[in-house]
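A.B. asks: Got a predicted structure plus its sequence, pasted below:
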Amino acid sequence: MSCKYYLILFYSISYLLFALLLWLSKAKQGLRLFDDKGLVSNPAMLVVLHIGGIILFGFVPFIFDHSYSFVLYRSDTMDNPSTWVTLLLFILLLFVSPRIAEKKYGKSAANFRADAFPEIKFILVYFIIRILFICVYESWFRGYLLNDSIISLGPALAILLNVTLYSLLHIVNGRDEVIACIPFGILLCCLCIWQGAVWPAIFIHLALTVPYEIRFLRKNNIDNSKRYENFNNRSLRIPG
């Protein structure tokens, strides 16, 4: 099998299997930790989704002996302007992402119940696999796929292909997220090409996602605790 068809097979298997896993997770109500309807209804499916992604994007490349196009970090480019741009965006997102969660919380707070809040063990396991998933996910898109596409198609078409495939995966989450993926995907691709490594995409994706989810859970837990305490206080009142 020629190198060209070998790479097409490699990318097709990983991408299509993960797309199927996404739609299965949506059908099983385990796609996201929370949405406008409340906390995830099927936590086990959510964990399976992330572990499946880790296998497809993290382990499959090594099974196919395709690790040569993946560069996580390059010390010789750390003094590039791209490093400072990445770090500034990282810090900015650490502050902006929780604010987005606050806005999101205001729309869906009524859908959360104190007794449905996930246990601390699940939260810890979730964030461990969530962080690992984002690392391998960005390594696959902005590492393997982007680098091989640049060799075959050139930078412009490589970015177009990368962002298109990246955005299509988010159809399962709705039109707004697909649209948001376009500038975000272009930004990550450009930073990784500029830096010559994939760590900028990992840093920025983590800064956008993890603080958002932590803030959402924290805010929801605090408000649910207050509502629960208020309910108990009212139930303990004895009429005079």
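C.D. replies: Sure thing, it's come through.

A.B. asks: Would you enumerate the residues in contact with the closest residue to residue 163 other than its chain neighbours?
C.D. replies: Distances taken as C-beta to C-beta, 6 or more residues apart in numbering place residue 185 nearest to residue 163, at 3.8 Å, with adjacent residues excluded. All C-beta atoms are positioned from the backbone trio N, CA, C, and that covers glycine. Residue 185 makes contact with 162, 163, 166, 167 under the criterion C-beta atoms under 8 Å, 6 or more residues apart in numbering.

A.B. asks: In strands only, show me those residues.
C.D. replies: Judged by DSSP state E, strands contain none of these.

A.B. asks: Show me which pair in these is furthest apart.
C.D. replies: 162 and 167 (9.6 Å; C-beta to C-beta).

A.B. asks: higher neighbour count, those two?
C.D. replies: The neighbour comparison of residue 162 against residue 167 (other C-beta atoms under 10 Å) goes to residue 162, with 21 against 17.

A.B. asks: In contact with the more buried one, which residues are there?
C.D. replies: 141, 142, 145, 146, 149, 185, 189.

A.B. asks: In the residues you listed, find the pair that's most separated.
C.D. replies: Across the contacts of residue 162, the longest distance by C-beta to C-beta is 12.8 Å; it joins 149 and 185.

A.B. asks: How many neighbouring residues does the spatially closest residue to residue 58 that is not a sequence neighbour have?
C.D. replies: Sequence neighbours aside, residue 136 is the residue nearest to residue 58 in space, at 3.6 Å (criterion: C-beta to C-beta, 6+ apart). Number of residues near residue 136 (other C-beta under 10 Å) recorded here: 21.

A.B. asks: isn't residue 136 right up against residue 52?
C.D. replies: No. Contact criterion C-beta atoms under 8 Å: residue 136 and residue 52 do not qualify, at 11.2 Å.

A.B. asks: where's stretch 181-190 relative to the chain centroid, distance-wise?
C.D. replies: How far stretch 181-190 lies from its chain's middle: 14 Å, per C-alpha atoms, centre = their mean, to the nearest Å.

A.B. asks: typed the wrong thing, it's stretch 131-138
C.D. replies: Taking mean C-alpha positions (C-alpha atoms, centre = their mean), stretch 131-138 and its chain are 7 Å apart.

A.B. asks: which non-adjacent residue is nearest the residue nearest the centre of the chain?
C.D. replies: Geometric centre of the chain, nearest residue: residue 134, 5.3 Å, by C-alpha atoms, centre = their mean. Excluding the flanking residues, the one nearest residue 134 by C-beta to C-beta, 6+ apart is residue 205, at 5.1 Å.
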